[in-house]
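J.: my questions concern the predicted model and sequence given below.
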Amino acid sequence: MAMLINGQPGEQISALDRGLAYGDGIYRTIEIRQGKPRLWAWQYQRLLADAARLKLPLLDEALLLAEIVQLAAGVEQGVAKILLTRGVGARGYAMPADSQPTRLVSVTPWAGYPQGRARDGVNVRWCDTRLSCQPLLAGIKHLNRLENVLARSEWSDPDIHEGLMLDQRGLLIEATMSNVYLVEGQRIVTPRLDQNGVQGMLRDWLFAHVPQLGYQLDEADIAPARLWQAEQVFLSNSLIGLWPVARIAGQALPAGHPCCQQLQALLVLQA
């Protein structure tokens with residue numbers, strides 16, 4: 001792993017950093033291809049939106065991009081991660097008036113996922129861990145991901161590739177590391193993220209691009225039973241791209257709808 005902390009090579013931060021103490025910060029994970037961050041404009045816009053929500057200083061785009069490119073030089077395919085905390089602070093929850101944010105940028109080699117998952121679909125399960133409702137944090141990719149950590153700890157079977165998460169109301173919100181979509185004819189629906197969940201970069205990209213293929217993407221409250229009525233279910237995140245769901249808890253879902261494959265082909269064309 002290659003890492004810069006506030007622009008300098010290193011791997012350590014202060015034990016007093018608020019990101020460590022309180023999860024007071026945000027992050028994004030970005031695919032690197034041929035030394036460049038993929039879909040950078042979309043990633044940066046989400047980073048800015050999350051920073052504004054948590055009252056973190058706005059990040060300079062040119063600086064961030066330069067640091068990623070520096071670390072990714074010669075990397076044909078890898079993963080970049082940007083992590084921003086509020087920085088070092090005194091004891092207590094109050095936001096320091098003069099805080100200096102901590103900026104971590106890293107690039108690691110691509111571990112990858114089997115190509116068959118994007119082609120043939122994935123097996124998913126229902127998670128017992130429920131998401132809490134907190135509108136102030138809904139959608140933000142903040143540093144407290146304990147609900148997702150607990151949900152992912154529920155299985156170790158390598159043949160299960162993701163876990164679907166409900167919230168306290170019993171509504172589908174997301175999977176442990178991805179957003180969820182249901183295809184219903186020419187309409188695609190994805191869970192509302194006004195109470196909880198993470199608004200992934202690729203979710204934004206889909207809202208902007210699905211009309212090119214004649215589909216309409218809407219948010220909705222989605223009860224679990226609705227998945228069995230869908231013509232296709234698929235998942236998204238910035239590293240996996242788009243995965244169709246083949247089975248939920250061992251039960252096969254309908255196959256053959258072209259939506260996910262069409263969107264995968266469109267995504268391949270994006271820099």
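T.: Perfect, I can see it now. Computed from a predicted structure; not experimentally measured.

J.: tell me the domain ranges of the protein?
T.: Annotated domains of the chain cover 2-109, 115-268 [automatic domain parsing].

J.: in TSV: those, plus mean neighbour count and mean pLDDT.
T.: Bear in mind the C-beta positions are built from the backbone N, C-alpha and C, glycine included. Shown next, in TSV, are the domains of the chain (neighbours: other CB atoms under 10 Å; pLDDT from 0 to 100):
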stretch	mean neighbour count	mean pLDDT
domain 2-109	17	95
domain 115-268	17	97
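
J.: tell me who's in contact with residue 257.
T.: The neighbourhood of residue 257, defined by CB atoms under 8 Å, 6 or more residues apart in numbering, consists of 183, 231, 232.

J.: what about it, distance to residue 207?
T.: Computed as CB to CB, to the nearest Å, the residue 257 to residue 207 distance reads 19 Å.

J.: now residue 69
T.: When residue 69 is compared with residue 207 (using CB to CB), they lie 28 Å apart.

J.: what's the helix or strand harbouring residue 180 packed up against?
T.: Per DSSP states H and E, residue 180 falls inside strand 179-184. Using 3 or more CB pairs under 8 Å, 6 or more residues apart in numbering; DSSP states H and E as the contact definition, the elements that strand 179-184 packs against are strand 172-175, strand 187-191, helix 201-209, strand 232-237.

J.: so which of those comes closest to residue 52?
T.: The stretch from the helices and strands packed on strand 179-184 with the least distance to residue 52 (CB to CB) is helix 201-209; that distance is 15.1 Å.

J.: what angle do that closest one and strand 179-184 make?
T.: With axes from the mean of the first three to the mean of the last three CA atoms, to 10 degrees as the basis, helix 201-209 and strand 179-184 are set at 30 degrees to each other.

J.: residues making contact with helix 201-209?
T.: With contacts defined as CB under 8 Å, 6+ apart, helix 201-209 is touched by 28, 39, 42-43, 45-46, 179, 181, 188, 190, 217, 236-238, 241-242, 263, 266-267, 270.

J.: try 7 Å this time
T.: Residues from elsewhere that reach helix 201-209, judged by CB atoms under 7 Å, 6 or more residues apart in numbering: 39, 42, 43, 46, 179, 190, 217, 236, 237, 238, 263, 266.

J.: stretch 119-131 now?
T.: Outside stretch 119-131, the residues that touch it by CB under 7 Å, 6+ apart are 147, 150-151, 154-155, 159-168, 173, 175-176, 196-197, 243-249.

J.: make it 6 Å
T.: Around stretch 119-131, the neighbours that count as contacts under CB atoms under 6 Å, 6 or more residues apart in numbering are 147, 150-151, 154, 159-168, 173, 196, 243-249.

J.: out of the contacts of residue 257, which comes closest to residue 60?
T.: Looking at those and their distance to residue 60, the nearest is residue 183, at 39.4 Å (CB to CB).

J.: still on that earlier bit, how far off strand 187-191 does the strand holding residue 180 point, in degrees?
T.: Going by the same axes, to 10 degrees, strand 179-184 is angled at 150 degrees with respect to strand 187-191.

J.: now the contacts of helix 201-209 as TSV including distance to residue 98?
T.: Below are the contacts of helix 201-209 laid out as TSV (distance: CB to CB, whole Å):
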residue	distance to residue 98
39	35
42	32
43	29
46	27
179	37
190	40
217	43
236	39
237	36
238	34
263	46
266	46
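
J.: show me where the stretch 1-150 of the chain has helices.
T.: With DSSP state H, counting those that start in this stretch, the ranges of helices along the stretch 1-150 of the chain come out as 18-22, 40-53, 61-72, 115-120, 146-152.

J.: for the second one, name the packing helices and strands.
T.: Taking 3 or more CB pairs under 6 Å, 6 or more residues apart in numbering; DSSP states H and E as contact, the helices and strands that helix 40-53 lies on are strand 25-33, helix 201-209.

J.: same thing but at 8 Å, please
T.: Using 3+ CB pairs under 8 Å, 6+ apart as the test, helix 40-53 ends up in contact with strand 25-33, helix 61-72, strand 77-85, helix 201-209.

J.: show me what it is in contact with.
T.: By CB under 8 Å, 6+ apart, the surrounding residues in contact with helix 40-53 are 26, 28, 30, 37, 56-59, 61, 64-65, 82, 84, 136-137, 139-142, 199-202, 204-205, 238.

J.: residue closest to the middle of the chain?
T.: When the chain is reduced to its mean C-alpha position, the closest residue under CA atoms, centre = their mean turns out to be residue 200, at 4.2 Å.
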